[in-house]
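K.L.:
I would like to see how this sequence folds:
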Amino acid sequence: MASETTPSTINDERAIRRGRRQALIDAGIEPYPAHSTVDAHAADLEERYADLADSASTEDTYCVAGRIRAFRKQGKVAFIVLEDVSGSIQLFCRVNTLEASGWDLLSQLDLGDIIGATGTIMRTRRGQLSVSPTAIELLSKSLRPLPEKFHGLTDREVRYRQRYVDLIMNPEVREVFRKRSRIVSTIRRHMEEWGYLEVETPILHDILGGANAKPFTTHYNALNTDCYLRIATELPLKRLIVGGLERVFELGRQFRNEGMDLTHNPEFTTMEAYCAYSDLDGMKELSQSLFQTIAREVCGCKEGRERLSYQGAEVDLSGTWRSATLSEIASEVTGEKLSMGTPVEHLREVCTTHGIEWAPSWGAGKLLFELYDELGEKTLVDPTFVCDYPAEVSPLAKRKPDDPRLTDRFELVICGHEYANAFSELNDPVDQEGRFAAQMEAKREGDEEAMGYDTDYIRALEYGMPPAGGIGYGIDRMIMLFCDQPSIRDVLLFPQLRPEGGRAQAAPASEAVQLRSGLTREQAFELLKRYNKDPFHIQHGETLEGLMRYYAQKYDPANVEFWGQVGLLHDLDWEQFRDEVSHTVKGAELLAEAGGTTELSHAIQTHNSDNNPDLPKPEHKMERVLFAVDELSGLIQAAVLMRPSKSVMDFEVKSLKKKFKDKRFAAGCDRDVIRKGAELNNMELDELFASVIEAMRAIAPDRDTFGADGAAR
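P.N.:
Numbering: from 1, shown residues only. Next up is the predicted model:
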């Protein structure tokens, strides 16, 4: 039986199970029958027979089915733990009760098999509610073993890629997606109760509109035309407002051909809603009511006490939520009164004081927004409507009549993240026409995310659209909040992943053996100083040494010294030779002369394989880590140097992402190399950013910037 077999590899286990499958077929037993009968589930039986006494039996007969999660046979009895969609129940099999064919079948069963059982309800002497089967039928033979019982499925990428196994092994994951379904159902019911009509609009668009984002493109064969997967539902929904459907909403998928991180996936779910004769106040009321309803109906909160815990933070959704202007929050975090009337020169000084870069072309609105975005947003834990965004950063929003420098817009922020974006909708066709024209000019100048010119939408507005409030919600982020999940991939059943065939090789078992560099640490450092006179190059080597030692403690504790020397000497030859193709080739010669091993040279050479195809590719975990942290640590150092503290201790992923997107900043740090480093380590960029920042904090000498004198070179 399964519990008695200890195969050395998964393939051995698969071969054994395939053999059992064939034996069943040869015996005339169909391992995958078409018909099955189920009239009870584990949780229902537990509730129905909660008062059944120990050792008591009944004549009540039920048909149950599920997956075998535990199996133990002792002489003339066998115990099977059967798991179904509701929970688990024990099958107490006895040779004198179970029909002969069923008893014989037990010897061909494995953990993971799906079986059906018919029998009576009883409770054992030890108090375990059980089904005493009279018949057992195999419903599906499992040919792959489940992950090991005590450690389960823990590799996050494997969990996302093989969600079916994740759901089998982790009941808390199943609960997240049950909860997601309830949340979506609650949203629909709530919107209908508020008088909104659910509609469906096209996913294929011939004109890009409704947001600034890079689209997925496809081709429509029947019309012989290119089109886009939608990036937003805004413009079709507002056409319906023109048509007299005063309250509409759509829950649906959007597609943006952009990056992936903890809160972004290229395919995601939103809800957009539009209400004629409403405004931002109406959208605030809708949002507050919607979130509080979900908290009560799905999370079990009491009315007036809608409180949640999200990633360790206590969030109070009850009562009337705070509304604050963007300028107010910028003022709070900087400790001085700031507004659109604050002189630009002073706003620049405030930005500089807080380590925020600015461009000479930025006006007061953009400078205020950067102060809020960098410093203020992350401080907002309880729900806050951040209002009055400057027109400079909201080019398509309706301006406030009393101050045209500001727009009638809010973002809903909870726990430092945006959950909704709302506007008093622009309904002036002439104004909209001018803004479309500006977007077309931006597109001609190379902005891939600029909207197209939607002539039909202008025509619709010319018929007259009533004043309206509109809002868009990120549904996946809402699910993250209510299910207390840190990543968007944890609330998507099938998150986007790189093709499996493109995954980096797993680290070979040889990484667990002792690796030898041929050098002591002192010899390696003297070698570095012999060929490098620039303090920055020595500091960079020491930084990489520290980072590699940090990661060695996590992944390969037996070889911390070897990993450290790989980091210390990875650019040994760069200062003297500075040739991308021969880089590390010369270094290998210098290492050999000094007594370094070929293993040391090989590991170092892998980080330059992009520039020299004759060099070995990074395969070991150590080599993939080196490739990832070398370029990225340089970008982090350059970004940290711009901060007043000159310290990595208060540096955050959000700030790094901005520097990463600005190709003019630290232009020598190759963004493509950093992206490839993330891919080699099966990480999203956000994960890699957070990991390396954490590592640099851990090794920071006296909390400084790893050598500020040369970090910007």
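
K.L.:
Quick check: which helices or strands does the helix or strand hosting residue 164 pack against?
P.N.:
Counting by DSSP states H and E, the element that carries residue 164 is helix 163-169. With contacts taken as 3 or more C-beta pairs under 8 Å, 6 or more residues apart in numbering; DSSP states H and E, helix 163-169 sits against helix 156-161, helix 171-193. For every residue, glycine as well, the C-beta is placed using N, CA and C.

K.L.:
at 6 Å what do you get?
P.N.:
Using 3 or more C-beta pairs under 6 Å, 6 or more residues apart in numbering; DSSP states H and E, the elements in contact with helix 163-169 are helix 171-193.

K.L.:
which residues sit in contact with residue 267?
P.N.:
253, 255 (C-beta atoms under 6 Å, 6 or more residues apart in numbering).

K.L.:
ok, now with 8 Å
P.N.:
Shown in contact with residue 267 (C-beta atoms under 8 Å, 6 or more residues apart in numbering): 253, 254, 255, 496.

K.L.:
Just the pLDDT at it, thanks.
P.N.:
If you check residue 267, the pLDDT there is 94.

K.L.:
now residue 643, what's its secondary structure?
P.N.:
Assigned by DSSP: H, G, I helix; E, B strand; the rest coil, the conformation of residue 643 is coil.

K.L.:
Pretty sure it sits against residue 652.
P.N.:
No: with contact defined as C-beta atoms under 8 Å, residue 643 and residue 652 do not form a contacting pair (10.3 Å).

K.L.:
Same drill for the two, tell me which one is more crowded.
P.N.:
residue 643 (18 against 12; other C-beta atoms under 10 Å).

K.L.:
Spatially nearest residue to that one (excluding sequence neighbours)?
P.N.:
Once flanking residues are discounted, residue 643 sits nearest to residue 355: 3.4 Å by C-beta to C-beta, 6 or more residues apart in numbering.

K.L.:
mind giving me the domain split of this structure?
P.N.:
2-140, 175-320+424-490, 509-703 (automatic domain parsing).

K.L.:
which one's the longest strand in this structure?
P.N.:
When the chain is parsed with DSSP state E, its longest strand is strand 57-74.

K.L.:
and that strand, what does it pack onto?
P.N.:
With contacts defined as 3+ C-beta pairs under 8 Å, 6+ apart, strand 57-74 has these neighbours: helix 42-48, strand 77-84, strand 87-94, strand 114-123, strand 129-140.

K.L.:
Mean neighbour count and distance to residue 58 added to those, as CSV?
P.N.:
As requested, these are exported to CSV (neighbours: other C-beta atoms under 10 Å; distance: least, C-beta to C-beta, whole Å):
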stretch, mean neighbour count, distance to residue 58
helix 42-48, 16, 10
strand 77-84, 20, 18
strand 87-94, 20, 13
strand 114-123, 20, 5
strand 129-140, 20, 9
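
K.L.:
How about the secondary structure of residue 492?
P.N.:
coil.

K.L.:
so what's the residue nearest to it when sequence neighbours are not counted up against?
P.N.:
The shortest distance from residue 492 to any non-neighbouring residue, by C-beta to C-beta, 6+ apart, is to residue 265 (6.1 Å). Residue 265 sits next to 476, 488, 489, 492, 495, 496 when contact means C-beta under 8 Å, 6+ apart.

K.L.:
With residue 379 instead?
P.N.:
Residue 379 touches 329, 332, 333, 416, counting by C-beta under 8 Å, 6+ apart.

K.L.:
Adding secondary structure, distance to residue 160 and pLDDT, write those residues out as JSON lines.
P.N.:
Shown next, in JSON lines, are those (DSSP: H, G, I helix; E, B strand; the rest coil; distance: C-beta to C-beta, whole Å; pLDDT from 0 to 100):
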{"residue": "329", "secondary structure": "helix", "distance to residue 160": "35", "pLDDT": "98"}
{"residue": "332", "secondary structure": "helix", "distance to residue 160": "38", "pLDDT": "97"}
{"residue": "333", "secondary structure": "helix", "distance to residue 160": "36", "pLDDT": "96"}
{"residue": "416", "secondary structure": "coil", "distance to residue 160": "24", "pLDDT": "94"}
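
K.L.:
By neighbour count, which of those wins?
P.N.:
Neighbour max across those (other C-beta under 10 Å) = residue 329, 23 neighbours.

K.L.:
That one contacts residue 372, doesn't it?
P.N.:
Yes: here residue 329 reaches residue 372: they are 5.4 Å apart, a contact under C-beta under 8 Å.

K.L.:
Find residues that contact each of the two.
P.N.:
Counting by C-beta under 8 Å, 6+ apart, the common neighbours of residue 329 and residue 372 are residue 386.

K.L.:
residue ranges with poor pLDDT in the stretch 251-400 of the chain?
P.N.:
396 (pLDDT under 70).

K.L.:
can you give me the strands for it?
P.N.:
Using DSSP state E, counting those that start in this stretch, the strands assigned to the stretch 251-400 of the chain run over residues 267-276, 307-310, 313-316, 322-325, 384-387, 399-400.

K.L.:
so which of these gets nearest residue 614?
P.N.:
Using C-beta to C-beta as the measure, strand 267-276 is the one of those that comes nearest residue 614, at 39.5 Å.

K.L.:
tell me how far that closest one is from the chain's mean position?
P.N.:
21 Å (C-alpha atoms, centre = their mean, to the nearest Å).

K.L.:
Please work out the angle formed by the directions of it and helix 171-193.
P.N.:
Interaxial angle of strand 267-276 relative to helix 171-193 (axes from the mean of the first three to the mean of the last three C-alpha atoms, to 10 degrees): 20 degrees.

K.L.:
For strand 267-276, which strands pair with it and how are they oriented?
P.N.:
Here strand 267-276 is paired, per DSSP bridges, with strand 247-255 (antiparallel), strand 468-474 (antiparallel).

K.L.:
Which among those is found nearest to residue 390?
P.N.:
strand 468-474 (19.5 Å).

K.L.:
measure residue 256 to residue 610 for me?
P.N.:
For residue 256, the distance to residue 610 equals 28 Å [C-beta to C-beta, to the nearest Å].

K.L.:
So what touches the helix holding residue 164?
P.N.:
67, 112, 146-147, 152-153, 158-160, 173-174, 177, 493-494.

K.L.:
Surely residue 339 touches residue 329?
P.N.:
No: using C-beta under 8 Å as the test, residue 339 is too far from residue 329 to be in contact (11.9 Å).

K.L.:
what comes up buried for the longest strand of the chain?
P.N.:
Of the residues in strand 57-74, 62, 63, 64, 65, 66, 67, 68, 69, 71, 73 count as buried by neighbour count, 16 or more other C-beta atoms under 10 Å.

K.L.:
One more: stretch 350-362?
P.N.:
By neighbour count on 16+ other C-beta under 10 Å, the buried set for stretch 350-362 is 350, 351, 354, 355, 356, 357, 358, 362.

K.L.:
May I have the residues that are in contact with the second one?
P.N.:
By C-beta under 8 Å, 6+ apart, the contact set of residue 351 is 357, 358, 367, 370, 371.

K.L.:
which two in these are spaced the farthest apart?
P.N.:
357 and 371 (11.9 Å).

K.L.:
What's the local residue count around residue 554?
P.N.:
Counted by other C-beta under 10 Å, the residues lying close to residue 554 total 11.

K.L.:
same for the helix or strand encompassing it, what does it pack against?
P.N.:
If you go by DSSP H and E, residue 554 is part of helix 535-555. With contacts taken as 3+ C-beta pairs under 8 Å, 6+ apart, helix 535-555 sits against helix 521-531, helix 560-568, helix 621-641, helix 685-699.

K.L.:
what's near enough to touch the residue nearest to residue 218 when sequence neighbours are not counted?
P.N.:
Nearest residue to residue 218, sequence neighbours excluded (C-beta to C-beta, 6+ apart): residue 227, at 6.1 Å. Listed by C-beta under 8 Å, 6+ apart, the contact set of residue 227 reads 204, 205, 206, 217, 218, 219, 220.

K.L.:
tell me the SS of residue 227?
P.N.:
Three-state assignment for residue 227 (three-state DSSP): strand.

K.L.:
Please state the offset of the helix or strand of the chain with the lowest mean pLDDT from the chain centre?
P.N.:
Within the chain, no helix or strand scores below helix 429-444, which has a mean of 80 by mean pLDDT, DSSP states H and E. A distance of 34 Å separates the centroid of the chain from that of helix 429-444, by C-alpha atoms, centre = their mean.
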